[in-house]
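Enquirer: Curious how this folds, go ahead:
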Amino acid sequence: MKFLKQAAIIFAVYLVGGFISSILPFSFPGSVISMILLFILLMTGVLKLRHVDEAGGFLLSNMAFLFVPTVVGIAAYFPLILENLLALAVIIVVTTVLTFAASAYTVMAVIRLQNRRRGNRK
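Expert: Purely as a prediction, here's the structure:
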């Protein structure tokens, strides 16, 4: 029963995120809004980790299974993917490099901030 309550909480947050997405004047994924909303609820203490940990752990451990419909859906567009393979490869390489660079600079900035705070405490 505990698992069902936790799954219901996660699903309710997802539905609220979907609703917010539907009323926005621009396109924004409801799932992303739901994750941000869940994060805010957990950080503010409105929702405790114990309220969603079991169901969240189950979903995380079975995440690969949840991607099967997406992969099957992509397979339907395989000829289109082959036609645009070079463009897709360039996009993948460029965005991967940009993501690595953004992550590296973010980590460096956080380390600098942490070192400054440690220096102020001494």
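Enquirer: Show me the helices in this protein, by range?
Expert: Remark: helices of the chain, listed N- to C-terminal, are 2-23, 30-44, 53-61, 63-66, 68-75, 78-83, 85-121; assignment by DSSP state H.
Enquirer: Now Val52, what are its backbone angles?
Expert: phi -140, psi 0 (degrees, to the nearest 10).
Enquirer: From here on, call the first residue 17.
Expert: Taking 17 as the first residue, the last one we looked at is Val68.
Enquirer: Tell me the pLDDT of it.
Expert: At Val68 the predicted local confidence, pLDDT, stands at 93.
Enquirer: wait, it sits on Ala24?
Expert: No - under the contact definition of C-beta atoms under 8 Å, Val68 does not touch Ala24, with a separation of 10.0 Å. Placement of C-beta: from N, CA and C, glycine included.
Enquirer: who's more crowded, the two?
Expert: Between Val68 and Ala24, counting by other C-beta atoms under 10 Å, Val68 is the more crowded of the two (20 against 11).
Enquirer: which residue packs closest to that one, ignoring adjacent ones?
Expert: The spatial neighbour of Val68 that comes closest, neighbours along the chain excluded (C-beta to C-beta, 6 or more residues apart in numbering), is Gln22 at 5.1 Å.
Enquirer: Which pLDDT value does the model give that neighbour?
Expert: With respect to pLDDT, Gln22 scores 95.
Enquirer: what sits against it?
Expert: When contacts are counted by C-beta atoms under 8 Å, 6 or more residues apart in numbering, Gln22 touches 67-72.
Enquirer: Sort out which of those are buried, if you could.
Expert: Buried members of these, counted by 16 or more other C-beta atoms under 10 Å: 67-68, 71-72.
Enquirer: what's the spacing between stretch 109-116 and its chain's center?
Expert: Chain-centre distance of stretch 109-116: 18 Å, with C-alpha atoms, centre = their mean, to the nearest Å.
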